[in-house]
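Engineer: After the sequence you'll find the predicted model.
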Amino acid sequence: MKLLHTIFLSIVTSLSASILYAVECPDIQKLMSLATELSHSIDQDFCTHEINGQHLDWIKNSAFPQIMNKSFLGVEPPSNWRMVLDDLMQCYTQGNLCSKKVQEEFAQCTMAKMPIILFQLSPWFSEHCVKMNATVLQGWPVKKSIIMGLINEFTQRHKRNGFGT
């Protein structure tokens, strides 16, 4: 999962570098700290199980909608977020996403898609960065509990084979 963490940090850094109008947004130090914290939780809780296509479908269809909304972000998400996520999900072909080989393939594919994704999302991010910084980063304890709840729900579903496998 270290490669996924690196991809996430690359996206964050690229987004912040592409912002023309937002001042000191996002709070990169806080964001990096939270990303490291989440990476640890993902490695410890999430990647103790094999992650396959059915699991990713649950993440895409059940987990992401719980964080890609105005309540979580503090602003309406970009209208094309599902399309962007679908595009990134096409980078997964098969195998355990927590394995190094599959992560490398996934990382290579997602990094190739980043320029167009950044082009698509930069105006939205620039417009909403300050509000999201205040809502998500400053309200991290609440947001973290939501994310940890989703990770826990995933883990519980995985234990009882609740993904339709």
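Structural biologist: Ah, there it is. Numbering: from 1, shown residues only.
Engineer: need the strands for this protein, in chain order.
Structural biologist: Read by DSSP state E, the chain holds no strands at all.
Engineer: Buried residues, the longest helix that it contains. List them.
Structural biologist: Identified as the longest helix of the chain according to DSSP state H is helix 100-132. Buried residues in helix 100-132, defined by neighbour count with 16 or more other Cβ atoms under 10 Å: 102-103, 105-107, 110-111, 117, 120-122, 124-126, 128-130, 132. All C-beta atoms are positioned from the backbone trio N, CA, C, and that covers glycine.
Engineer: Could you pull up the mean pLDDT of it?
Structural biologist: Mean pLDDT, computed over helix 100-132, is 90.
Engineer: cool, stretch 56-69 as well?
Structural biologist: 92.
Engineer: Pull out the buried residues from that stretch.
Structural biologist: For stretch 56-69, a neighbour-count test (16+ other Cβ under 10 Å) marks W58, I59, A63, F64 as buried.
Engineer: Next step: those restricted to helices.
Structural biologist: W58, F64.
Engineer: Dump the buried residues of stretch 56-69 to CSV, plus distance to S33.
Structural biologist: Below are those laid out as CSV (distance: Cβ to Cβ, whole Å):
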residue, distance to S33
W58, 28
I59, 23
A63, 22
F64, 23
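Engineer: closest to R157 among the buried residues of stretch 56-69?
Structural biologist: Comparing the buried residues of stretch 56-69 against R157 with Cβ to Cβ picks out W58 as the nearest, at 6.9 Å.
Engineer: Can you verify my assumption that that closest one contacts F163?
Structural biologist: Yes - between W58 and F163 there is a contact at 5.7 Å, judged by Cβ atoms under 8 Å.
Engineer: Quick check: neighbours shared by those two?
Structural biologist: R157 (Cβ atoms under 8 Å, 6 or more residues apart in numbering).
Engineer: What segments of this structure are helices?
Structural biologist: According to DSSP H, the helices that the chain contains are 2-18, 28-44, 53-58, 64-67, 70-73, 81-89, 100-132, 140-159.
Engineer: which residues are contacting the last one?
Structural biologist: When you say that, I think you mean helix 140-159. Helix 140-159 is contacted from outside by 30, 34, 37-38, 41-42, 45-46, 48-49, 55, 58-59, 63, 66-67, 72, 135-136, 162-163, using Cβ under 8 Å, 6+ apart.
Engineer: Buried residues of stretch 34-54, list them for me.
Structural biologist: For stretch 34-54, by 16+ other Cβ under 10 Å, it's L34, L38, S39, I42, F46, C47, I51, N52.
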